[in-house]
Structures are given as C-alpha cells and as structure tokens.
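coords please:
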Amino acid sequence: MRILIVEDDLELSNVTARFLKKRGFDVFQAESGGAAFDIWMEEQGMFALVLINVFLADENGIDLADKFRARNRGVKILLTAEHIEETRILERIAVGGYDFLLKPYNMSKLFKIIKKNK
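Below you'll find the predicted structure:
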C-alpha cells in the first residue's frame, strides 16, 4: 500500500513514516502542499492513502485533499490537525467524506484507521 504523508512538522512526518515503513507500507513524504502535488503528479496519483495536515504553511490541507480526490476518486484521505474550532472547517471535512485524526495522535490509532481503509 502506497501512502503519501503531507506534514510540515518534519519530526512528526519522519516518526510516522518510520512507523509505517516498518509495517510494510511504501511511504512518500512532502513538507508542503506544493511538494505533495509534485509527488502526486510524478507518481501518477497512485496512492491508496494520503495523510494531510489541515493547516499547512503554503496551502489549506482540505483544498489539497479536494485536488487529489478530483484526480482519483478512490484515494482515501486522512486529515490531521492539532485543533479545529471552526464549524465551517469541520463541515468541509464531513462533506468531503474525509477521515480525521486529532494531533497528537498515537501510532496504534493511526494504524487502525489505515487498516480500516485498506
């Protein structure tokens, strides 16, 4: 299973990638929305799951998720954030049909969500 991690917290991205690689996943990492889109295009969108921070420095993570979903309706999207207090953001996550995981997350909870989406 190929997973793209889009996270501007490099330490969290690396910890998550190591955890997933040890469990046999093929993991790609991007620190920004722009870099993630470049990887997506280079890899022809061949990802089963994309893990995206909602609050990226260069792009709204939900907008990025929408771009990926428009190019591959079958891709699973898991959005993450430390907090979401705005109702409109929560509504966009629900309308998009995206899974959401609150940070800081533990790896066993992340793994359960990924296994559910296989």
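
Mind jotting down where the helices sit in this structure?
Assigned by DSSP state H, the helices in the chain fall at 10-22, 33-42, 61-71, 87-96, 107-116.

Before we move on, what's the pLDDT of the residue lying closest to Gly33 once chain neighbours are set aside?
Closest residue to Gly33 apart from its sequence neighbours, by CB to CB, 6 or more residues apart in numbering: Glu59 at 3.0 Å. Quick note: C-beta positions are derived from backbone N, CA and C, even for glycine. In this model, Glu59 is scored at 94, pLDDT.

How many neighbouring residues does Glu59 have?
Counted with other CB atoms under 10 Å, residues neighbouring Glu59 total 17.

now do Glu91
Neighbours of Glu91 under the rule other CB under 10 Å: 10.

For it, give me its contacts.
Glu91 makes contact with no residue under the criterion CB atoms under 8 Å, 6 or more residues apart in numbering.

How about Val54?
Per CB under 8 Å, 6+ apart, neighbours of Val54: Asn60, Gly61, Ile62, Leu79, Thr80, Ala81, Ile84, Ile89, Ile93.

Go again with 7 Å.
Val54 sits next to Gly61, Ile62, Leu79, Thr80, Ala81, Ile84, Ile89 when contact means CB atoms under 7 Å, 6 or more residues apart in numbering.

and it, backbone torsions?
For Val54, the backbone dihedrals (degrees, to the nearest 10) come out as phi -60, psi -40.

Give me the distance between it and Leu12.
14 Å (CB to CB, to the nearest Å).

And Lys112, by the same measure?
The gap separating Lys112 from Leu12 is 18 Å, by CB to CB.

re earlier: in TSV: the helices of the chain, plus distance to Leu4.
Shown next, in TSV, are the helices of the chain (distance: least, CB to CB, whole Å):
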stretch	distance to Leu4
helix 10-22	10
helix 33-42	6
helix 61-71	8
helix 87-96	17
helix 107-116	12
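
ranking those helices by mean pLDDT, which is last?
Here the lowest mean pLDDT among the helices of the chain goes to helix 87-96, at a mean of 75.
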